[in-house]
Structure formats: C-alpha cells, structure tokens
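Below are the sequence and a predicted model for it; my questions follow.
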Amino acid sequence: MDIENRGCSPSPKRRGGFVAAALLALACSTAGLVQQAEAANVKVAYALDYMFSKPELITKWYGNIKKEFEAAHPGDTLELVPIPGGYEDFMTKLSLLYNSPKTAPDIIHVMSVSIGQFADGGLLLPLDDKAKAASWWQDFPKPVQNEGAVEGTHYGVVVGINTYQLLFSRPLMEKAGLSADWAPKNWDDILTAARAIKKAVPDSWPIWLITGTAQGPAALGNGPGLLLTASSEPKIYDPTTKKWVVDSKGIREVLEFYKKAAADDLLAPSSQIMNANATNNSATILPEGKTGIVFAGNWIPIDWNPQVCTPCWGEKEQETIGSTAVPTSNGQAPQTAATMDTQAAAIYKDTPNPDLAWAVVNIMTEKQQQLDLSAWGPAIPPTPAYSKDPTYLSYSLPRFQTSFADLTSTAASMPSRPELPVWAYAFQMATQTMVLKPETPVDDAVKAMRKYVVDQLGEDKVETLP
C-alpha cells in the first residue's frame with residue numbers, strides 16, 4: 001500500500017519501515033499544522049444596545065453576515081463580540097479589549113466620530129488602497145467617504161447614515177392655532193410655536209431637544225451640535241489653526257435657545273432629554289401625543305414599522321406627524337441646516353487576517369445588508385441608489401424616507417478628532433447648565449466651557465471667533 005493510501009496509521013513491515021513511518025508521521029503532523037494555520041478566526045465587536053433599534057435586530061444582522069462569510073470561507077469563523085450597555089460603556093469596554101492583542105477585535109463597528117480616537121492611538125488600519133479597489137466605493141458620495149477619514153486617511157467604511165430634522169404633531173399645532181404644514185423660518189418661530197402649544201395644552205412637552213454629558217459625543221449631532229450647525233457661526237474645529245472653538249456667536253446662540261426654552265418651561269423633562277438613552281427613547285414620544293416639536297433622527301418613523309415596532313404605528317397615525325428642516329438661527333443663508341452622523345466599520349492595524357476582515361466589510365456594504373440595516377438600525381444607506389429603492393421607501397411613509405435621505409447631500413458632520421470628546425463634553429455641559437439652571441448667564445456658561453477645554457487640551461488648542 002502506498003503512503004498516500006495508508007492514512008496516518010501505518011503498519012510498516014518492510015526494511016526501512018520505521019523511517020517511512022517517521023516521515024509519514026511528520027507529514028501528517030505538518031498537514032495538521034497547515035490546516036490549523038489556514039483556519040482563521042475573525043472577531044467583530046459592536047454595541048449590542050446602541051446601534052440598532054433592538055438588540056435582537058443587530059444580532060440578526062450580524063448573524064446573516066456571519067452565515068454569508070463562513071459559507072464563502074470554509075473553515076474560517078466570524079466571531080461576534082456584542083458589547084452591552086450605552087455607547088460610552090461600549091467605548092470604554094472596547095478600549096479595554098485593545099489593551100491586549102489576544103482580545104483586540106479584528107473589526108469594530110462604531111460611530112464615525114469615534115474613528116479619530118482609535119486612529120490617533122495607532123490602532124486602525126488605513127483602508128485607502130482597499131477602498132479604492134472596491135467597486136462599491138465610488139458609489140459613496142464624497143462626504144460619506146470622508147466620514148471615516150482622519151487627516152485625509154480613510155480608516156472607516158460607512159455602513160449606515162443618520163440625518164436630523166424636525167418632526168411635529170399636527171394635532172397639537174392645530175390646537176395651538178398653527179398650520180398643519182408648519183415651516184419655521186428661524187429659531188424664534190420654533191420658540192413662538194412652542195409657547196402657543198404650551199398655552200393651548202398646558203401638560204404638553206412643546207419641544208424635545210436632547211442634551212447632557214451622559215449621552216457622549218456620539219449624540220452631539222442630535223442636539224446642541226444640530227443647533228450649532230444652524231447657527232450664525234457653526235465652526236467647531238479649525239483644521240487650519242488646529243484649534244477648537246470655545247466661544248463664538250454660534251455657541252452663544254445655542255446657549256440662548258436652551259436658556260429661553262428652559263426658562264419658559266418649553267422643554268421635555270430633564271430626566272427625559274438628558275437621559276443616556278434619550279436618542280433611542282424619542283421614537284415613543286410622538287405617538288403619545290403630548291410632544292409638539294421633536295429634533296428628530298431619521299430612525300424615528302422607521303421605528304414605527306412592523307419590523308421594529310417601538311411602538312407599531314400605522315400609516316394613518318403617521319400622517320398626523322409633519323416634518324420640516326431645521327431653520328438657521330435668524331433665517332440667514334442657506335435658510336436651513338442639518339447634521340449627519342454615521343456608523344462605520346474599521347479594521348485593527350495588527351489584525352493577522354486583514355484580507356478576511358476586509359471580506360467582512362465587503363459583505364456589510366452589499367445591497368441586502370444596507371437595506372436590512374436601514375430597516376433595523378434604522379439608517380440611510382450609504383449608497384444613494386438604495387435610498388430610492390422601493391424596499392427602503394416602504395420602511396415608513398415615503399415622504400419621511402425621502403426627506404431624511406435628501407439631507408445627506410448637505411448635512412454637516414461632527415469632526416472625527418481624538419479631542420472631540422473633550423470639546424463635546426464641555427459644550428454639552430454648557431447646554432445642560434442652561435436646562436437645569438436657566439438663570440445662569442450665558443457668559444458664565446461660555447467661561448466654564450472654555451476653562452474645561454483649556455484644562456484638558458491646553459491654551460494653545462482653543463480659539464474665540466468674533
């Protein structure tokens with residue numbers, strides 16, 4: 001019997017049989033090692049409770065990706081590493097995983113504003129060459145491509161987009177004597193409408209606008225960052241001077257808005273809008289019929305569809321909700337403004353399997369995965385053509401789907417810089433102060449904001465704009 005046909009349990013009988021047996025044992029042992037080397041385990045870490053509407057939906061999404069990846073790469077495994085808790089908890093635990101190469105995930109699924117922190121720490125693999133070679137990359141608009149970039153280098157690939165505008169209760173508007181197609185021209189129009197709602201329905205919450213340090217920098221664009229983008233001076237970070245803006249006309253306009261809204265009791269309770277999960281809780285607010293105007297993300301109407309149901313809300317009920325863009329502070333050009341934040345996938349710089357990790361990212365960008373994330377995230381697909389797909393348009397009323405998706409071409413992003421958490425904390429603290437203590441002078445809030453950033457980053461890292 002030839003060696004090839006004897007398997008790994010030979011019974012050599014002839015002269016030299018022991019040598020043959022030894023060689024066979026070595027060959028079998030080496031083959032085993034090759035098999036072990038060829039079998040790879042790729043780990044992907046993600047926020048179980050934050051990114052999607054429900055934990056079971058992100059579990060389902062990654063389950064589909066795992067199934068497709070392992071079918072395409074027999075013997076290899078995609079290990080899912082779900083991390084429970086709020087986003088700040090997730091970031092802390094993710095940082096701990098990176099303390100050791102043994103626990104470091106090959107892929108992370110984070111908000112794009114967090115990319116800068118990991119890139120600055122030398123933890124992420126530059127993806128420019130891989131992205132440029134991918135057919136789907138050219139379909140992403142430049143602003144979407146740049147969401148995962150730091151100093152011109154791309155470290156993250158966007159898998160879902162959120163944009164923000166105003167949703168409002170038509171029944172409450174009508175009770176307040178306002179149009180069912182209300183469209184404010186400036187921030188005073190928002191406050192005037194809120195006061196009218198409060199007068200007509202005293203137990204209502206005229207404005208839902210989040211703030212608070214508990215929400216972290218990932219929620220900045222849903223609250224004070226959204227207002228700042230619509231202010232007279234929206235600049236947060238100056239890439240030319242490499243300084244953070246700690247005092248400007250825009251910052252003061254935002255603080256004044258929170259101050260007036262809080263002083264006139266126009267905001268939802270602080271326990272609601274300053275809650276760490278306030279961004280995810282807002283979908284339940286409008287169906288209750290007590291909130292007038294919501295600074296809202298695109299996921300809210302989708303959360304009402306049968307796939308998510310937080311809560312389920314039919315088309316007839318959804319027609320009671322109007323939508324409009326956030327106006328600029330004084331109606332100045334360009335008249336309206338919006339923010340955008342995104343979810344992105346990034347790869348560990350020292351992953352032993354960069355090509356397999358990239359294969360996982362490729363699966364994430366497939367049409368079906370983008371559409372599923374759009375329903376379950378919910379989010380807007382990074383490929384514009386998919387946001388016109390009948391499946392995407394069916395996730396809520398088409399007018400909601402279209403109006404939020406259209407904002408991606410003009411929406412501004414929060415700067416993905418490693419220092420962003422410092423600036424964001426200071427700004428959120430300042431607006432939080434206006435909510436809890438509206439009697440506080442704006443000057444005092446600005447001084448406190450400036451002091452915090454200077455203490456953390458240094459005097460040479462901040463600037464004041466006229």
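That came in fine, so what should we check first? This one's a predicted model, so the numbers in the text were calculated from it and none came from an experiment.

contact partners of the strand or helix carrying Tyr62?
Under the criterion of DSSP states H and E, Tyr62 resides in helix 55-72. Residues from elsewhere that reach helix 55-72, judged by CB atoms under 8 Å, 6 or more residues apart in numbering: 42, 44, 46-49, 51-52, 76-78, 80, 82, 84, 308, 359-360, 363-364, 369, 372-373, 376. Heads up, the C-betas are built off the backbone N, CA and C, glycines and all.

What is the burial count for Gln432?
Neighbour count for Gln432, taken as other CB atoms under 10 Å: 22.

With just CA atoms, put the helix or strand harbouring it into PDB.
Taking DSSP H and E as the definition, one finds Gln432 inside helix 420-436. What follows is helix 420-436, C-alpha atoms only, in PDB (Å, rounded to 0.1, in the frame of the first residue of the first chain):
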ATOM      1  CA  LEU A 420     -13.700  65.700  20.200                       C
ATOM      2  CA  PRO A 421     -14.900  64.000  23.400                       C
ATOM      3  CA  VAL A 422     -13.300  66.900  25.400                       C
ATOM      4  CA  TRP A 423     -15.000  69.600  23.400                       C
ATOM      5  CA  ALA A 424     -18.300  67.800  23.200                       C
ATOM      6  CA  TYR A 425     -18.400  67.300  27.000                       C
ATOM      7  CA  ALA A 426     -17.700  71.000  27.600                       C
ATOM      8  CA  PHE A 427     -20.400  72.100  25.100                       C
ATOM      9  CA  GLN A 428     -22.900  69.500  26.400                       C
ATOM     10  CA  MET A 429     -22.200  70.600  29.900                       C
ATOM     11  CA  ALA A 430     -22.800  74.300  29.000                       C
ATOM     12  CA  THR A 431     -26.200  73.500  27.400                       C
ATOM     13  CA  GLN A 432     -27.100  71.200  30.300                       C
ATOM     14  CA  THR A 433     -26.400  74.100  32.600                       C
ATOM     15  CA  MET A 434     -28.900  76.200  30.700                       C
ATOM     16  CA  VAL A 435     -31.500  73.500  31.000                       C
ATOM     17  CA  LEU A 436     -31.100  72.900  34.700                       C
END
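
follow-up on the earlier one: among the contacts of helix 55-72, which ones are buried?
42, 44, 46-49, 51-52, 76, 78, 80, 308, 359-360, 363-364, 369, 372-373, 376 (16 or more other CB atoms under 10 Å).

Keep only those of those residues that are in helices.
The helices, defined by DSSP state H, take in Ala359, Val360, Ile363, Met364, Gln369, Asp372, Leu373, Trp376 from the buried ones among the contacts of helix 55-72.

for those residues, which one is nearest Pro287?
Distances from Pro287 to these, taken as CB to CB, are shortest for Trp376 (19.4 Å).

so after the longest strand seen in the chain, what's the next helix or strand?
Of all segments of type strand in the chain, defined using DSSP state E, the longest is strand 156-169. Sequence order places helix 170-175 as the next helix or strand after strand 156-169, per DSSP H and E.

what residues does that next one touch?
179-180, 182, 193, 197, 200-201, 204, 289, 291-292, 320-322.

Quick check: mean pLDDT of the helix holding Tyr62?
Here helix 55-72 scores 98 as its mean pLDDT.

try stretch 229-242
For stretch 229-242, mean pLDDT is 97.

And it, how far out from the chain middle?
21 Å (CA atoms, centre = their mean, to the nearest Å).

Restricting to C-alpha, output it in CSV.
Extracted in CSV, the C-alpha atoms of stretch 229-242 (Å, rounded to 0.1, in the frame of the first residue of the first chain):
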residue,chain,number,x,y,z
THR,A,229,-24.8,73.8,12.6
ALA,A,230,-27.8,76.0,12.0
SER,A,231,-26.3,79.0,13.9
SER,A,232,-24.6,82.1,12.6
GLU,A,233,-21.2,80.5,13.3
PRO,A,234,-21.2,76.7,13.0
LYS,A,235,-17.5,76.1,13.3
ILE,A,236,-16.3,73.6,15.9
TYR,A,237,-12.8,72.8,14.9
ASP,A,238,-10.5,74.8,12.6
PRO,A,239,-8.3,72.4,10.6
THR,A,240,-6.1,75.3,9.5
THR,A,241,-5.2,76.5,13.0
LYS,A,242,-5.8,73.1,14.6
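
Can you give me the buried ones in it?
Thr229, Ala230, Ser231, Glu233, Pro234, Lys235, Ile236, Tyr237.

Please convert those to a markdown table, extending it with secondary structure.
As requested, these are exported to a markdown table (DSSP: H, G, I helix; E, B strand; the rest coil):
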| residue | secondary structure |
| --- | --- |
| Thr229 | helix |
| Ala230 | coil |
| Ser231 | coil |
| Glu233 | coil |
| Pro234 | coil |
| Lys235 | coil |
| Ile236 | coil |
| Tyr237 | strand |
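
tell me the two of these that are most distant?
Within the buried residues of stretch 229-242, Ala230 and Tyr237 form the most distant pair, 17.5 Å apart (CB to CB).

Enumerate every residue touching Val254.
Contacts of Val254 (CB under 8 Å, 6+ apart): Pro224, Leu227, Leu228, Ser231, Thr431.

For the stretch 151-300 of the chain, which segments count as helices?
Taking DSSP state H, counting those that start in this stretch to define them, one finds helices in the stretch 151-300 of the chain at 170-175, 187-200, 224-229, 249-263, 270-273, 278-281, 299-303.
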